[in-house]
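In: No sequence on hand, only this structure:
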Ligand SMILES: O=P(O)(O)OC[C@H]1O[C@H](O[C@H]2O[C@H](CO)[C@@H](O)[C@H](O)[C@H]2O)[C@H](O)[C@@H](O)[C@@H]1O
């Protein structure tokens, strides 16, 4: 009996998205357990090669595999279940994951049977033969947006409904409400969809060497989104911590390449999470850029010079500074107007305000969006965008993450497209502006973080923060192999940017 790794991995990812309590260490552990198995199969007949040292991980893997287990005949399901839950269980001996049946895509159905196979008619049977088995169309399983009776009536209404529908589609599949073969088919079809999507947005880890060959003779610059890229998505935005491992990796990246974090969050908040003074930070979707005045990896940015509270020299650029009083006002209004909606949260991101839907019951989403639209009506100089279960209010100026990357490249003296290879990794709609910028350049490596197919401008894909860490690590290794003394520059980056004094004035 075989289970496809991508199936378990996919349902695990969905499950992890729903968990708020998992430490990122465990997430990494789980993901790497599965990714070590490649795109092959978990053979439950002999030994599974999943290993871990954490009981909670085991039960999570077990839960992730639950939809598959319930599709098996009970004898197999019991042994698989006990395999998965007996806390690791499994000798790291041979690699059944790389069984002869292994393929790199999942377009082949997870289970199959010979043409004479009678098990097609067995309701809870996991097939082991090779005839194709029909897959239930996913659309029947996708949840629909429920209308609470409110109407979104402002000029942005059309977009708003589209965004809410997109948000809904991002919700983890409700596999617990599917039964038997439907669960099985749902995950099989989803995995096949993802595999087809990765043909257009190739997994960067699969083509790392090839892509890095194009970096020969060029300066690589690294731009990283924060939420969903360096830290896993969690329910409470105040608890979106990055792991110590990830921090150490990002620090290494910054000692090897000019590096910036480009986030929708307020810059101060993202700095509190990352705590690395040697980087550039662009908060509020790029409207609040700051970095060490003595540069990053030998590259210095131009901009307004200032000092932080500790007296260190910093350089900053705030193209929307005059909007600050307005954003303060709208943020307050938004809070007052949404406080009766359970789970709604307004996050003040300095030059942007973010309204969170994640902890709001889906039947109240339209109601919340209506409140946002009503407040927005009074402020035509502001604009509205959407992200992962958020609506974001921002200054209506032509400035976005793409512009911020462009600004940083120019101010770091890296504007010549022949000499530079920018790498940008992000997971959200607002990262698309940066992907577009890179695509318009001569060289550029745009990478979307996603475990599900998404419409994107990114050329490459990567599954989750754990894989991002792996990619960044490979990048550092690549740099070291080209220039073993590269990391020695790190010692010079001593500027501390904690609690910097901000000056809200337009910079030249
Ligand atoms: O540009 P980013 O660094 O990705 O920031 C975009 C938004 O990220 C945060 O929200 C997202 O992550 C939260 C924590 O995991 C999650 O609860 C939320 O649903 C996501 O949308 C942040 O809280 C927002 O302020 C940022 O704008």
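Out: Perfect, thanks for sending it. Note that the coordinates shown come from a computational prediction; the quantities given were computed from them, not determined experimentally.
In: who are the neighbours of the helix or strand containing residue 324, in terms of helices and strands?
Out: Using DSSP states H and E, residue 324 sits within helix 324-338. Applying 3 or more CB pairs under 8 Å, 6 or more residues apart in numbering; DSSP states H and E, we find helix 324-338 packed against strand 345-348, strand 353-356, helix 365-377, strand 382-387, strand 390-395. Every C-beta, even on glycine, is put in place using the N, C-alpha and C of the backbone.
In: Name the single longest helix found in the protein.
Out: When the chain is parsed with DSSP state H, its longest helix is helix 180-200.
In: Can you pull the domain assignment for this protein?
Out: Following automatic domain parsing, one finds the domains of the chain at 2-141, 201-319+399-492.
In: Out of the ones you listed, which gets the lowest mean score?
Out: Lowest mean pLDDT of the domains of the chain: domain 2-141, a mean of 38.
In: Which residues of the stretch 151-300 of the chain lie near the ligand?
Out: Residues of the stretch 151-300 of the chain lying close to the ligand (CB under 6 Å from any ligand atom) are 225-228, 233-235, 237, 240, 263-265.
In: let's go with 5 Å and repeat that
Out: Residues of the stretch 151-300 of the chain lying close to the ligand (CB under 5 Å from any ligand atom) are 225-227, 233-234, 237, 240, 263-265.
In: any chance of the residues you listed in JSON lines, plus neighbour count and secondary structure?
Out: Putting these into JSON lines (neighbours: other CB atoms under 10 Å; DSSP: H, G, I helix; E, B strand; the rest coil) gives the following:
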{"residue": "225", "neighbour count": "26", "secondary structure": "coil"}
{"residue": "226", "neighbour count": "23", "secondary structure": "coil"}
{"residue": "227", "neighbour count": "24", "secondary structure": "strand"}
{"residue": "233", "neighbour count": "22", "secondary structure": "coil"}
{"residue": "234", "neighbour count": "20", "secondary structure": "coil"}
{"residue": "237", "neighbour count": "18", "secondary structure": "helix"}
{"residue": "240", "neighbour count": "20", "secondary structure": "coil"}
{"residue": "263", "neighbour count": "31", "secondary structure": "coil"}
{"residue": "264", "neighbour count": "30", "secondary structure": "coil"}
{"residue": "265", "neighbour count": "25", "secondary structure": "coil"}
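In: three-state assignment of residue 315?
Out: Of the three states, residue 315 takes strand under DSSP: H, G, I helix; E, B strand; the rest coil.
In: Thought residue 308 was touching it, still the case?
Out: No - counting by CB atoms under 8 Å, residue 315 sits too far from residue 308 to count as a contact (10.9 Å).
In: isn't residue 475 right up against residue 253?
Out: Yes - contact criterion CB under 8 Å: residue 475 and residue 253 qualify, at 6.4 Å.
In: Quick check: neighbours shared by the two?
Out: residue 222 (CB atoms under 8 Å, 6 or more residues apart in numbering).
In: Tell me which of the two has more neighbours.
Out: Counted by other CB atoms under 10 Å, residue 475 and residue 253 do not tie: residue 253 has more neighbours, with 25 against 22.
In: So which elements touch the strand or helix carrying that one?
Out: Using DSSP H and E, residue 253 sits within helix 244-256. Other helices and strands packing on helix 244-256, by 3+ CB pairs under 8 Å, 6+ apart, are helix 24-36, helix 465-482.
In: Mind checking what helix or strand follows that helix in sequence?
Out: strand 259-262.
In: partners of that next one in the sheet?
Out: strand 219-224 (parallel), strand 280-283 (parallel) (DSSP bridges).
In: contacts for that strand?
Out: 221-226, 230, 250, 253, 270, 274, 278-282, 285-286, 291, 296-297, 401, 404-405, 408, 424, 426, 434.
In: List, one by one, the residues from the chain near the ligand.
Out: So far as CB under 5 Å from any ligand atom goes, the chain lies against the ligand at 225-227, 233-234, 237, 240, 263-265, 347, 354, 358, 387-390, 428.
In: Can you name the next helix or strand after the longest helix of the chain?
Out: Heading C-terminal from helix 180-200 (DSSP H and E), you reach strand 202-203.
In: Which elements pack onto that next one?
Out: Packed next to strand 202-203, using 3+ CB pairs under 8 Å, 6+ apart, are strand 460-462.
In: How many neighbouring residues does residue 209 have?
Out: Neighbours around residue 209, by other CB under 10 Å: 9.
In: swap in residue 328?
Out: Residue 328: 13 neighbours (other CB under 10 Å).
In: Nearest residue to it in space, please, no chain neighbours.
Out: residue 348 (7.7 Å; CB to CB, 6 or more residues apart in numbering).
In: list the contacts for the one you found?
Out: 266, 327-328, 331.
In: confidence score at residue 394?
Out: 95.
In: Pull up the gap between the residue lying closest to residue 385 once chain neighbours are set aside and residue 430, please.
Out: Closest residue in space to residue 385, ignoring its immediate chain neighbours: residue 392 at 5.0 Å, by CB to CB, 6+ apart. Using CB to CB, to the nearest Å, residue 392 is found at 8 Å from residue 430.
In: Spit out the residues that contact the two alike.
Out: By CB under 8 Å, 6+ apart, the residues touching both residue 392 and residue 430 are 264, 285, 385.
In: For the helix holding residue 253, buried residues please.
Out: 246-247, 249-256 (16 or more other CB atoms under 10 Å).
In: Kindly report the same for stretch 376-384.
Out: 376, 379, 382, 384.
In: likewise stretch 461-473?
Out: 461-472.
In: So which residues make contact with it?
Out: Contacts of stretch 461-473 (CB under 8 Å, 6+ apart): 13, 24, 27-28, 31-32, 35, 197-198, 201-205, 208, 222, 224, 228-232, 242-243, 245-246, 249-250, 252-253, 425, 447-451.
In: Is residue 280 bridged to anything, and to what?
Out: Under the criterion used (DSSP bridges), residue 280 bridges to residue 260.
In: how close does the residue nearest to residue 197 when sequence neighbours are not counted get to the ligand?
Out: Of all residues not flanking residue 197 in the chain, residue 453 sits nearest, at 3.4 Å (CB to CB, 6+ apart). Note on residue 453: its distance to the ligand, by CB to the nearest ligand atom, to the nearest Å, is 19 Å.
In: ok, residue 453 to residue 390 distance?
Out: Relative to residue 390, and taking CB to CB, residue 453 is found at 21 Å.
In: what number of residues lie near residue 385?
Out: Residue 385: 20 neighbours (other CB under 10 Å).
In: So for it, what's the pLDDT?
Out: Residue 385 is given a pLDDT of 91.
In: And stretch 390-397, what's buried?
Out: For stretch 390-397, by 16+ other CB under 10 Å, it's 390-395, 397.
In: Which of those residues sits closest to residue 160?
Out: residue 391 (8.0 Å; CB to CB).
In: Next, residue 421: secondary structure please.
Out: Criterion first, three-state DSSP; result for residue 421: strand.
In: any idea how far it lies from the ligand?
Out: 22 Å.
In: got it, and residue 350?
Out: In terms of CB to the nearest ligand atom, residue 350 sits 10 Å off from the ligand.
In: Number of residues surrounding that residue?
Out: Neighbour tally, residue 350, other CB under 10 Å: 24.
In: Now do the same for it: its pLDDT.
Out: On the pLDDT scale, residue 350 gets 97.
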